[in-house]
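S.K.: Pasting a predicted model and its sequence here:
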Number of protein chains: 2
Amino acid sequence: MLTIGKLSDAAGVKVPTIRYYEQIGLLPAAERSTGNQRLYGAAVRDRLAFIRHARDLGFPLEAIRDLLSLSDNPAQSCAAADRIAQSQLLAVEGRIARLMALKSELERMVAQCAGGSIADCRVIECLGNHAHCTTDHGRELAEVSE
Amino acid sequence: MLTIGKLSDAAGVKVPTIRYYEQIGLLPAAERSTGNQRLYGAAVRDRLAFIRHARDLGFPLEAIRDLLSLSDNPAQSCAAADRIAQSQLLAVEGRIARLMALKSELERMVAQCAGGSIADCRVIECLGNHAHCTTDHGRELAEVSE
DNA sequence: ATAATCTCTCTAGTAACTAGAGGTTCAAGG
DNA sequence: CCTTGAACCTCTAGTTACTAGAGAGATTAT
């Protein structure tokens, strides 16, 4: 049996995060030692690896909760899991597109920096007035920072 | 003079967000009408447009706060503004790289979905065990969801 | 036995807002 | 002039996914 610290090392998830996952019901309430410390077996370690990997892939915890409930009932169709992954893929593609536009604008801003005083600084100027920017991608940037 | 609602429309920033920006000191405390309602002039409208555009570009509010203090003292060198924009550019490039890796993994997961039951579902399986994935980009995905 | 390290619970803080309650002010129509 | 409805006010609390810290108990190493 693993203590929470060992589990943390094994799964690459910080100790308070593990307790947090238990608190919100992503992980089951852990067994306890005589001294009230949490003890974990391999099943929880795998479940935590699942969560961690899905988080790395950008899945929100709610989607992960859904995926876990799917894998807890393995008789179902995988259509739902596929749907979740699909929508995540779409979101990622959208994020990439917006970040690319953003990157080119930032590159232009940095390239135009005259090295002079703020008064002539293109960075400030461009941020102050989007009309000064050569590219036009106003609205589609709106959700970049989501 | 603009009321907060007009300013909101003019700058594309929601009313509660404007009040929030005032609260955290990004915008100066507004003038008030006799009935205690906020009134704004063109200077604040421009400042808000600046904030909004920078937010669209993914700058965190703290970076925006720095940029604003720079543009409030226009005699300085623009090196600091450039540095902020540079670091934002770097962050964006990193995010793009990680999202691209993520995208290919999601695509593979979706492509492998057999349409069968959860028991054979590659989506679940791949999420459960990163070793099953063909690409190897473990650690560099760690900050994707920041 | 004692010191160092873990672990426990609980509260509060983070970013950047958003939502809602409960009350006031303003502009327009009758 | 009066009323209605929209817009405004303040304040609190909720969101996501954690992170940090306090103060106390448990375990491990020497």
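M.R.: It's in.
S.K.: Break chain A down into its domains, please.
M.R.: Listed by automatic domain parsing, the domain ranges of chain A are A:2-59, A:79-141.
S.K.: Redo those domains as CSV? Include mean neighbour count and mean pLDDT.
M.R.: Where C-beta positions appear, they are placed from N, C-alpha and C, glycine not excepted. CSV is the format used below for these (neighbours: other CB atoms under 10 Å in any protein chain shown; pLDDT from 0 to 100):
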stretch, mean neighbour count, mean pLDDT
domain A:2-59, 16, 92
domain A:79-141, 17, 68
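S.K.: Now for the residue of chain A found nearest DNA strand C, which secondary structure element holds it?
M.R.: Of all residues in chain A, the one sitting closest to DNA strand C is A:Gly5 (2.4 Å; CB to the nearest atom of the strand). A:Gly5 belongs to helix A:4-11 when elements are defined using DSSP states H and E.
S.K.: helix, strand or coil for the closest residue to DNA strand D within chain A?
M.R.: Using CB to the nearest atom of the strand, the single residue of chain A nearest to DNA strand D is A:Gly35, 2.1 Å away. Secondary structure, DSSP: H, G, I helix; E, B strand; the rest coil: A:Gly35 is coil.
S.K.: mind checking how far the spatially closest residue to the residue of chain A closest to DNA strand C that is not a sequence neighbour is from A:Gln37?
M.R.: The shortest distance from A:Gly5 to any non-neighbouring residue, by CB to CB, 6 or more residues apart in numbering or on different chains, is to A:Val15 (6.2 Å). To A:Gln37, A:Val15 is 12 Å away according to CB to CB, to the nearest Å.
S.K.: again, but for A:Gln112
M.R.: Per CB to CB, A:Gln112 is found 58 Å from A:Gln37.
S.K.: near DNA strand D, anything from the longest helix belonging to chain A?
M.R.: Longest helix in chain A by number of residues, with DSSP state H as the criterion: helix A:79-112. No - counting by CB under 7 Å from any atom of the strand, DNA strand D is not contacted by helix A:79-112; separation bottoms out at 11.4 Å.
S.K.: In terms of secondary structure, what does that helix contact?
M.R.: Where contact means 3 or more CB pairs under 8 Å, 6 or more residues apart in numbering or on different chains; DSSP states H and E, helix A:79-112 is packed against helix A:61-72, helix A:122-128, helix B:79-112, helix B:122-128.
S.K.: and chain A, which of its residues are near DNA strand D?
M.R.: Within chain A, the positions near DNA strand D by CB under 7 Å from any atom of the strand are A:14, A:16-17, A:20, A:33-37, A:55, A:60-62.
S.K.: Of those residues, which ones also sit close to chain B?
M.R.: Counting by CB under 8 Å from any CB of the partner chain, A:Arg55 from these sit close to chain B.
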